[in-house]
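Student: Structure for this input, please:
(one chain, ligands or ions: 1)
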Amino acid sequence: MGATGMCRAFYKKDGLAALLMDFQMANSSEVLDALLVQPTSTGHAIAFNYLVPNVKGLQNFFHVLDSASTKTSQAPPSPPPTPIESAEWPASNTSAQDPNAVPSRASSDINANLSKSNTTEISVFAAATEAFSKANLNCSIAESLERFRPILLQAKERNIRVRGYVSVALGCPYEGPKTDPRKVAEITSSLLEMGADEVSVADTTGMGTAPKTRELLKALSAAGIVNHDIALHFHDTYGQALVNTVVGLEHGIRIFDSSVGGLGGCPYSKGATGNVATEDLVYCLHSLGVKTGIDTQEMAKIGAWISEELGKSNETRAGKAILARLRS
Ligand SMILES: CC(C)(COP(=O)([O-])OP(=O)([O-])OC[C@H]1O[C@@H](n2cnc3c(N)ncnc32)[C@H](O)[C@@H]1OP(=O)([O-])[O-])[C@@H](O)C(=O)NCCC(=O)NCCSC(=O)C[C@@](C)(O)CC(=O)[O-]
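Tutor: You can find the predicted model right below:
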């Protein structure tokens with residue numbers, strides 16, 4: 001996940017997905033402009049998240065917002081979001097054996113959930129080690145937090161939601177696997193005190209294990225950080241993302257980052273794979289009885305499709321297994 005826009009939602013096979021191919025070519029401003037000027041109706045509100053490393057990035061962001069609103073105010077009114085016409089939801093006879101079969105729902109119920117409006121948010125991202133902060137932001141941790149202060153102030157003045165990240169929270173490619181949980185808690189608290197709406201604590205390198213995740217979460221709670229201010233962002237480089245997710249769930253965390261097909265990764269964390277695949281995360285959550293409202297079969301199809309379009313390998317286990325069953 002470079003400085004391009006990052007959408008925290010899964011895509012349907014329509015206009016927005018076509019834009020995704022441009023992610024490889026377009027820069028953040030072009031992607032955001034297209035998302036604002038040609039909003040994709042998916043039936044659910046989507047939060048589009050724009051990474052902002054400094055004030056210049058914020059100015060670029062505001063410039064796109066302001067020019068897009070000029071374009072749309074001059075454009076003819078866009079048609080209302082297309083309701084999902086009697087979507088063929090899987091039969092209601094959800095098999096007890098398959099916790100991932102999605103029960104059928106009356107289409108009126110689905111249409112009632114049509115997105116009111118998408119939202120655009122920004123993200124600032126600090127690191128829990130000096131070496132990664134230097135690599136990723138070309139400054140110290142303290143300097144990065146000072147850089148974020150005016151960004152949060154200006155974003156709040158315009159009622160823009162801000163997500164903070166703390167990278168390398170469970171292991172650093174430069175300083176090794178023992179990131180200090182108290183340092184993570186200190187930076188998380190600073191971002192929240194500056195006004196961040198939530199902080200995603202990121203295992204950028206995937207070095208996190210269940211015991212380390214448990215220790216980190218205890219340190220965050222001991223620092224007075226409440227669970228609903230936290231998201232967890234697990235890369236699956238060592239295959240530990242799902243077990244770490246369960247540790248987070250048991251601790252009371254309810255926001256987890258993922259990427260369809262396991263796409264993504266961080267250019268400054270060599271060898272880091274993408275985030276845990278959304279298909280695997282959702283399959284795991286459903287197996288624990290969590291209701292996500294996500295149709296795992298559709299999810300699996302989208303993951304396979306976008307991985308192929310981007311020429312990336314599809315990194316999801318559950319998604320590939322679901323597709324194999326559908327094709328058998
Ligand atoms: C922050 C800088 C720019 C500092 O980089 P720097 O070299 O110290 O910046 P500078 O102020 O010296 O400027 C250098 C040049 O960049 C330009 N510049 C300066 N700022 C911007 C901007 N915002 N947009 C466009 N251009 C910019 C600036 O105008 C100048 O251009 P020149 O005068 O040489 O022609 C650089 O370190 C940077 O771009 N860092 C971000 C890299 C990145 O995208 N990393 C991945 C983010 S995702 C991530 O971290 C993972 C996470 C958080 O998602 C979760 C996880 O951890 O898993």
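
Student: helix or strand right after the longest strand seen in the chain?
Tutor: Taking DSSP state E as the criterion, the chain has its longest strand at strand 119-127. Moving toward the C-terminus from strand 119-127, the next helix or strand (DSSP states H and E) is helix 130-137.

Student: Surely Phe148 is within a helix?
Tutor: Yes. Under DSSP: H, G, I helix; E, B strand; the rest coil, Phe148 sits within a helix.

Student: what about it, neighbour count?
Tutor: 27 (other C-beta atoms under 10 Å). Where you see a C-beta, it was placed from the backbone N, CA and C, and this is true even at glycine.

Student: so where do the strands sit in the stretch 151-300 of the chain?
Tutor: Counting by DSSP state E, counting those that start in this stretch, the stretch 151-300 of the chain has these strands, from start to end: 162-167, 198-203, 230-234, 256-257.

Student: one step back: paired strands for the longest strand of the chain, with orientation please.
Tutor: strand 47-51 (parallel), strand 162-167 (parallel) (DSSP bridges).

Student: hmm, back to that, want to try CSV for the strands of the stretch 151-300 of the chain, with mean neighbour count and mean pLDDT as columns?
Tutor: Below are the strands of the stretch 151-300 of the chain laid out as CSV (neighbours: other C-beta atoms under 10 Å; pLDDT from 0 to 100):
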stretch, mean neighbour count, mean pLDDT
strand 162-167, 25, 98
strand 198-203, 26, 98
strand 230-234, 24, 98
strand 256-257, 23, 96
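
Student: For stretch 273-281, which outside residues touch it?
Tutor: Contacting residues not belonging to stretch 273-281 are listed as 1, 10, 206, 233-237, 241-242, 245, 256-265, 294, 296, 299-300, 303, 315-319, 322 [C-beta atoms under 8 Å, 6 or more residues apart in numbering].

Student: what inclination does the longest helix that the chain contains have with respect to strand 47-51?
Tutor: When the chain is parsed with DSSP state H, its longest helix is helix 55-74. Interaxial angle of helix 55-74 relative to strand 47-51 (axes from the mean of the first three to the mean of the last three C-alpha atoms, to 10 degrees): 140 degrees.

Student: tell me the average confidence for helix 55-74?
Tutor: Averaged over helix 55-74, pLDDT sits at 87.

Student: Would you indicate which residues of it are buried?
Tutor: The neighbour-count check on helix 55-74 (16 or more other C-beta atoms under 10 Å) flags Gly57, Leu58, Asn60, Phe61, Val64, Leu65, Ala68 as buried.

Student: Filtering the residues you listed by proximity to the ligand, which remain?
Tutor: Restricting the buried residues of helix 55-74 to those within reach of the ligand (C-beta under 6 Å from any ligand atom) leaves Gly57, Asn60.

Student: out of the buried residues of helix 55-74, who's nearest the ligand?
Tutor: Of all the buried residues of helix 55-74, the ligand sits closest to Gly57, with 3.2 Å by C-beta to the nearest ligand atom.

Student: if we can go back for a sec, mind putting the strands of the stretch 151-300 of the chain into a markdown table with distance to the ligand?
Tutor: As requested, these are exported to a markdown table (distance: least, C-beta to the nearest ligand atom, whole Å):
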| stretch | distance to the ligand |
| --- | --- |
| strand 162-167 | 3 |
| strand 198-203 | 4 |
| strand 230-234 | 6 |
| strand 256-257 | 8 |
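
Student: want to throw those strands into JSON lines with distance to Lys183?
Tutor: Compiled in JSON lines, the strands of the stretch 151-300 of the chain are given as follows (distance: least, C-beta to C-beta, whole Å):
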{"stretch": "strand 162-167", "distance to Lys183": "9"}
{"stretch": "strand 198-203", "distance to Lys183": "12"}
{"stretch": "strand 230-234", "distance to Lys183": "16"}
{"stretch": "strand 256-257", "distance to Lys183": "21"}
